[in-house]
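> what would the 3D arrangement of this be:
(chains A and B)
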Protein chains: 2
Amino acid sequence: MKRFEASEYAARIKATRERMAKAGIDVLLVTCPQNMNYLTGYDGWSFYTHQIVALAQDAGPVWIGRAWDIACVRFTTDLPERDIVGYADEYVQATDRHEFDFVAETLRARGWGARRLGVEMDTYYYTARCHERLAAGLPDARFVDATSLVNWVRIVKSPQEIAYMEQAGRIADLSVEAAVEAIAPGVRACDAAAKVVAAQIAGTRDFGGDVPETIMMSSGSTSSAPHLAWTDDPYRAGEVTAMELGGCRHRYCVGLSRSVFLGKPPAKLGDLAKLMAEALSEAFEAVRPGALAEDIHRVWSGVIARQGYVKKARIGYSIGLDYPPDWGEHTASLRPGDKTVLQPGMTFHLVGGMREPEWGIQMTETFRVTDRGHASFSAVPRQLFVKPA
Amino acid sequence: MKRFEASEYAARIKATRERMAKAGIDVLLVTCPQNMNYLTGYDGWSFYTHQIVALAQDAGPVWIGRAWDIACVRFTTDLPERDIVGYADEYVQATDRHEFDFVAETLRARGWGARRLGVEMDTYYYTARCHERLAAGLPDARFVDATSLVNWVRIVKSPQEIAYMEQAGRIADLSVEAAVEAIAPGVRACDAAAKVVAAQIAGTRDFGGDVPETIMMSSGSTSSAPHLAWTDDPYRAGEVTAMELGGCRHRYCVGLSRSVFLGKPPAKLGDLAKLMAEALSEAFEAVRPGALAEDIHRVWSGVIARQGYVKKARIGYSIGLDYPPDWGEHTASLRPGDKTVLQPGMTFHLVGGMREPEWGIQMTETFRVTDRGHASFSAVPRQLFVKPA
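You can find the predicted model right below:
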């Protein structure tokens, strides 16, 4: 169950140590599951219990987590046994002890108790309590914020990562095709969603998929809200369904969204869908090495402004390796002020879509920066799909 | 999209305020999405951005989150507009400002800046940075740990909650039936998983489902690890598949696990499966109001000890309303030392299963405590499913 060559993990660790050195970090404590996977390959669905990967300048990575999950470490990583450390089950969600008491002890035993420790202060899996217990357990340590340090290494994808994302892109296309086929008047939204997710998991003849983080499908008036899932209600003629779908391969995600209308769409909605398609295409044409993240936002926003539209949310973000709850990478965003310089191998989900008070439509797609411009991970037509009511 | 009567939310808020008073909390800041939902109904898939519900003794609940998600608040809650506060999109995952700077300002504007604030220190969605920014923004506040405060209110389910869990239980049965039907030699695991998850979402004729947090399926040697997902590999004769499945209805989850063997199982595995079924049944018979959580563990462990087995992990936990990454409730666990007194309306996932070095099997089921004993949410036979190879 190893996804990459040992040399690729070595390169990731080297790049991470370079950033650690610049940030003045002796030992990096990674709690973000994506980053744990990135540095070691670890791929267990165990992040609901506290766990970390510790990487020193001259040692590690060391996995520290629930002993129950050590079998998952052995299947998915090449870590030597001395660098796999499990805590007893009594620590799990206990009130009289904390997993980070054990982490602190383990770090101290390795001689890292008085070092400069990098911690991911704003990661879901490093709670306020984790930091409090670690600081209490290591009074001689100095703490340096390392939020998104590894994420910034991850932002440029390797050829093998791109290959997995291309597979995810193929699955994303299949998920949208499944939705367009399934959505029809009288069909329950949950039945359509079942077919969509089945397509995401079954994948193609050559490879299967995982469940992506984001599967949004909302119809009629609820399409005006960005983060609602399906209901049991049957689809009705005259309604739009806005979807945020995608594909996931070995936890590499590609987002893809389209919308479906049952019947003849109102002119305003049809026009907006065309505008979203134009904006997406023009923004993609602006992608090239050296362009800034905010440039892509400016082009997209310029197109929708032609029809008087303004979108108040960012229109995209770096995407790649992910675990719940977010497939965004927490690095570059496509929005004003983001000066990230685009480089070949970067991958973004461009979230084109408008939420009006009465309805919304989605037109999103994931691309990579190439040596000369861009390549989309999807081949689904950029249009509002209209089906007979 | 309202799931409960207004009176039920009022009762939840009343019970929460009683606990707040005992804990010396003036204003409770809830970041756990389950707890936000429990107190207000809020059900947006937006928890990847920072958001809270603030509940004072004499005001609120107040939703504070990304402005982009206010439409989701309006669809899923009855909160008045004055108690819905959105921050601008520039805060999302920014490095030069933080969402909890905005939260601090909002709390101060409501006159809560110098109060005793309850914060969920060990919740995934209250990061070390969230706490740091809040404390910096409210230097006159006193902070009280409120981890799991609302969770302990949630532990006893209402009749309507039980009704949703019964629906989830029906879906859980369908998911296992789909797995048993799909798993066969030569079938790719991803194709079987696609059918399982489709069954979870399509539900029955009367109601659909959501994707549960936990969908584990591992086969052959990898069944020895508890937290691995499916692969693309075809199932092979002579292999066991250990599954942790379930159902989810309006985010109420029921866990259910069985295992499937292709061909004639080795005697040791067949015997262990029978033992797991006996242990589950005997443990369930010990469930009654007044029993302690640890009593259930003792009975289960006593049964497996008859054959010389020992399990080093807890064998269950309170379950109910959930969002990623955990369907466990972070309150009572079925393990030694847990003195939680069982009461009618409590619901637990009993995680019977053994992971041996070469393989593992799962036999888990979710039950509720009734007035006199227990009721299971599932009707699937407690056995190892054996299919021809």
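> give me every residue in the stretch 51-200 of chain A lying close to chain B.
Proximity of the stretch 51-200 of chain A to chain B, by C-beta under 8 Å from any C-beta of the partner chain, involves residues A:67-69, A:71-72, A:74-76, A:88-90, A:92-93, A:98, A:119, A:121-132, A:145, A:147, A:188-191, A:193-195, A:197-200. Glycine gets a C-beta too; all of them are placed from N, C-alpha and C.
> now residue A:239: how far from chain B?
Applying C-beta to the nearest C-beta, to the nearest Å, the value for residue A:239 to chain B is 15 Å.
> thought that residue was touching residue A:260?
No - the criterion here is C-beta atoms under 8 Å, and residue A:239 misses it with residue A:260 at 9.2 Å.
> so for those two, which sits in the more crowded spot?
Counting neighbours by other C-beta atoms under 10 Å in any protein chain shown for residue A:239 and for residue A:260 shows that residue A:260 has the greater number, 26 against 21.
> now the strands: where do they sit in the stretch 151-300 of chain A?
Secondary structure of the stretch 151-300 of chain A by DSSP state E, counting those that start in this stretch: the strands cover A:216-219, A:240-249, A:252-256, A:259-262.
> mind checking the pLDDT average for the second one?
Right, strand A:240-249. For strand A:240-249, mean pLDDT rounds to 97.
> try the last one
Strand A:259-262 shows a mean pLDDT of 98 in the predicted model.
> same deal with the first one?
On average, the pLDDT along strand A:216-219 is 94.
> who touches that strand?
Residues outside strand A:216-219 that contact it (C-beta atoms under 8 Å, 6 or more residues apart in numbering or on different chains): A:179, A:189, A:192-193, A:196, A:225-230, A:233, A:235-236, A:239-245, A:360, B:45.
> can you pull up the bridge partners for the residue lying closest to residue A:361 once chain neighbours are set aside?
Take residue A:361 and drop its neighbours on the chain: the residue closest to it by C-beta to C-beta, 6 or more residues apart in numbering or on different chains is residue A:259, 4.1 Å away. Beta-bridge partners recorded for residue A:259 (DSSP bridges): residue A:242, residue A:384.
> how much space separates residue A:259 from chain B?
According to C-beta to the nearest C-beta, residue A:259 stands 16 Å off from chain B.
> one more: residue A:206?
Separation of residue A:206 from chain B (C-beta to the nearest C-beta): 8 Å.
> now swap in residue A:301 and tell me
Distance from residue A:301 to chain B, by C-beta to the nearest C-beta: 13 Å.
> go ahead and confirm that residue touches residue A:316.
No - here residue A:301 lies out of contact with residue A:316, judged by C-beta under 8 Å, at a distance of 11.6 Å.
> these two: which is more packed in?
Legend: neighbour count by other C-beta under 10 Å for residue A:301 and residue A:316, higher for residue A:316 (27 against 19).
> next up, the contacts around that one.
Neighbours of residue A:316 in contact, by C-beta under 8 Å, 6+ apart: A:296, A:297, A:333, A:334, A:348, A:349, A:350, A:351, A:364.
> can you pull out the helices in chain A?
Along chain A, the segments classed as helices by DSSP state H run A:6-23, A:33-40, A:70-76, A:99-109, A:128-137, A:149-154, A:159-182, A:189-202, A:267-285, A:293-305.
> and these: which comes nearest residue A:344?
helix A:159-182 (9.9 Å; C-beta to C-beta).
> buried stuff in that closest one?
A:161-162, A:164-176, A:178-180, A:182 (16 or more other C-beta atoms under 10 Å in any protein chain shown).
> helices and strands around that helix, which ones?
For helix A:159-182, the packing partners by 3 or more C-beta pairs under 8 Å, 6 or more residues apart in numbering or on different chains; DSSP states H and E come out as helix A:189-202, strand A:240-249, strand A:252-256, strand A:316-323, strand A:360-369.
> which segments of chain A make up each domain?
For chain A, automatic domain parsing gives the domain ranges A:6-154, A:159-387.
> with distance to residue B:281 as added columns, please give those in CSV.
Listed next are those as CSV, based on distance: least, C-beta to C-beta, whole Å:
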stretch, distance to residue B:281
domain A:6-154, 24
domain A:159-387, 32
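> the residue nearest to residue A:88 when sequence neighbours are not counted: what's it in contact with?
Excluding the flanking residues, the one nearest residue A:88 by C-beta to C-beta, 6+ apart is residue A:67, at 6.3 Å. Contacts for residue A:67 (C-beta under 8 Å, 6+ apart) come out as A:86, A:87, A:88, A:89, B:312.
> quick revisit: so which of the strands of the stretch 151-300 of chain A is the most surrounded?
Among the strands of the stretch 151-300 of chain A, strand A:252-256 has the highest mean neighbour count (mean count of other C-beta atoms under 10 Å in any protein chain shown), at a mean of 30.
> packing partners of that strand?
With contacts taken as 3+ C-beta pairs under 8 Å, 6+ apart, strand A:252-256 sits against helix A:159-182, strand A:240-249, strand A:316-323, strand A:347-355, strand A:360-369.
> ok, and the most crowded of the contacts of residue A:316?
When neighbours are counted by other C-beta under 10 Å, residue A:348 leads the contacts of residue A:316 with 31 neighbours.
> nearest residue to it in space, please, no chain neighbours.
Once flanking residues are discounted, residue A:348 sits nearest to residue A:316: 5.1 Å by C-beta to C-beta, 6+ apart.
> what pairs with the residue nearest to residue A:346 when sequence neighbours are not counted across the strands?
Of all residues not flanking residue A:346 in the chain, residue A:369 sits nearest, at 4.6 Å (C-beta to C-beta, 6+ apart). Under DSSP bridges, the beta-bridge partners of residue A:369 are residue A:374.
> just to check, residue A:369 is in contact with residue A:284?
No - the pair residue A:369 and residue A:284 fails to qualify as a contact (C-beta under 8 Å) at a distance of 10.6 Å.
> who has more neighbours, those two?
More crowded of residue A:369 and residue A:284, by other C-beta under 10 Å: residue A:369, with 23 against 20.
> now do the contacts for residue A:212.
Residue A:212 touches A:200, A:245, A:246, A:247, A:248, A:253, A:255, A:322, A:327, counting by C-beta under 8 Å, 6+ apart.
> and these, which two are furthest apart?
A:245 and A:322 (14.6 Å).
> ok and the residue in the stretch 51-200 of chain A nearest chain B?
Nearest residue of the stretch 51-200 of chain A to chain B (C-beta to the nearest C-beta) works out as residue A:190 at 2.6 Å.
> fine by me, thanks again.
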